[in-house]
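[1] Pasted the sequence and its predicted model underneath.
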Amino acid sequence: MALKRFLAPALAVAGLAALAAGPAAAQTKWNLPSAYPADNFHTENLAQFSKDVEAASGGKLIITLHPNASLFKAPEIKRAVATGQAQAGEVIMSIHENEDPIFGIDVVPFLATSYEDSKKLWKLSRPAVEKKLASQGLMVLYAVPWPPQGIFSKNPVNSLADLKGAKWRAYNPGTSRIGEMIGAQPVTVQQAELAQALATGVVTALITSAATGYDVKIWESIPYFYDVQAWLPKNLVFVNKAAFDALDKATQEAVLKAAAAAEERGWQSSIDKSKWYMEQLKAHGMKVEPPSPELKAGFQKIGEQLTADWLKKAGPEGQAIVEAFKK
């Protein structure tokens, strides 16, 4: 009897605690770090993805977005997700090209230079990217391209010789290699630090999209933009596979459905904004021009060399993707 009298209140308290914990236990919270500003179109798309997941899961999964490298810096994000420090993340895929050439397939210069070609290349390369990430405990959710890459410079550029000695911003192995090939001084600077690097003269020339130029108010430091359309790098959004597997089936489906919608919406947003970003550069007094025939020919020569280098590194798998793409 004494034991019963002792257990009854204890069990009642435990029952109340279980009831109180019920809704909280049913709700899962994820952190999603990104390296880009809150008002960048990639980040806005991520914010919509997070809202869609919360709505479709009935509030079972809450994704908190951490923009502008506020939680982890760009090079740290993938590892943070793989080790469970964050549950999902977004990076520019090519930042990890040194780890595996497949991550650099979309920045092979002049391979895929339009949105249509970029989409075709992503469709062909996605299985290889997914396979590599799966081996690291990660799963692809979706990918969205930046607008085509052009040259920003403090000085006029009519040929590659005009970039010799420039302080060249690199953000991945490919852009670093281009800097070396044109005789510039490569300086690795991720976007979160780019505005300061431009303002202090650490960077005087770079290859990036008009979107990045707009984000960092590049016209305050750099007056020239040449629309060489070298490639369309993609941002990749991925999740820790164990975190995804821990969700119930309905919530998993909500995530995948929201990811598919985000990919479609993100591509269209990139297309729509590409022209707008160019107009903004002009509106802020920048000289926006097509590349001269000499500059274009110089970059195409570099592109041929870098494509050959990439194919050598990528081996049969990479070669098969490029061959299929060129058909």
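    Yep, it's here.
[2] Now do residue 228 against residue 65, distance only.
    According to CB to CB, to the nearest Å, residue 228 and residue 65 sit 32 Å apart. For every residue, glycine as well, the C-beta is placed using N, CA and C.
[3] And the helix or strand in which residue 312 is found, what does it pack against?
    Following DSSP states H and E, one finds residue 312 within helix 293-326. Counting contacts by 3 or more CB pairs under 8 Å, 6 or more residues apart in numbering; DSSP states H and E, helix 293-326 packs against helix 115-134, helix 173-181.
[4] Could you check the angle the longest one makes with helix 293-326?
    Okay, so that is helix 115-134. Angle of helix 115-134 versus helix 293-326, following axes from the mean of the first three to the mean of the last three CA atoms, to 10 degrees, is 60 degrees.
[5] Quick check: mean pLDDT of helix 115-134?
    Average pLDDT, helix 115-134: 98.
[6] Sheet partners, orientation included, of whatever helix or strand comes next after that helix?
    Sequence order places strand 138-145 as the next helix or strand after helix 115-134, per DSSP H and E. Partner strands for strand 138-145, per DSSP bridges, with pairing direction: strand 234-240 (antiparallel).
[7] got the buried residues for the strand it pairs with?
    Residues of strand 234-240 classed as buried: 234, 235, 236, 237, 238, 239, 240 (neighbour count, 16 or more other CB atoms under 10 Å).
[8] and it, C-alpha only, in CSV?
    Output in CSV follows, covering the C-alpha atoms of strand 234-240 (Å, rounded to 0.1, in the frame of the first residue of the first chain):
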residue,chain,number,x,y,z
LYS,A,234,25.1,27.1,-58.7
ASN,A,235,24.3,27.3,-55.0
LEU,A,236,23.5,23.9,-53.6
VAL,A,237,21.1,23.3,-50.7
PHE,A,238,21.5,20.1,-48.8
VAL,A,239,20.6,18.3,-45.6
ASN,A,240,22.2,16.0,-43.1
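[9] Run through the helices of this structure in chain order.
    For the chain, applying DSSP state H gives helices covering 2-26, 41-56, 74-82, 115-134, 173-181, 191-199, 210-215, 241-245, 249-283, 293-326.
[10] my guess is residue 218 meets residue 198, correct?
    Yes - proximity of residue 218 to residue 198 meets the contact threshold set by CB atoms under 8 Å, at 6.4 Å.
[11] Who are the contact partners of residue 195?
    216, 217 (CB atoms under 8 Å, 6 or more residues apart in numbering).
[12] Could you do the one 4 residues further on as well?
    Contacts here follow CB under 8 Å, 6+ apart; on that basis residue 199 touches 220, 221.
[13] quick revisit: just the buried residues of strand 234-240 now: which is nearest residue 51?
    Nearest to residue 51 out of those is residue 237 (CB to CB; 14.6 Å).
[14] and the closest residue to residue 317 other than its chain neighbours, how many residues sit next to it?
    Spatial nearest neighbour of residue 317, excluding adjacent residues (CB to CB, 6 or more residues apart in numbering): residue 128 at 5.8 Å. Using other CB atoms under 10 Å as the criterion, residue 128 is surrounded by 19 other residues.
[15] What of residue 325?
    17.
[16] I'd assumed residue 111 was in contact with it.
    Yes - Residue 325 lies in contact with residue 111 (CB under 8 Å); the separation is 7.4 Å.
[17] what residues are shared contacts of those two?
    117, 121.
[18] okay but residue 78 is in contact with residue 90, surely?
    No - applying CB under 8 Å, one finds residue 78 not in contact with residue 90, separated by 9.7 Å.
[19] Looking at those two, which has the bigger crowd around it?
    residue 90 (29 against 24).
[20] Can you name the residues bridging to residue 61?
    residue 28.
[21] Report the separation between it and residue 261.
    Distance, residue 61 to residue 261, by CB to CB: 15 Å.
[22] The two - which one has more neighbours?
    Taking other CB under 10 Å, residue 61 and residue 261 do not tie; residue 61 has more neighbours (23 against 16).
[23] per-residue pLDDT, that one?
    Taking residue 61 on its own, its pLDDT is 98.
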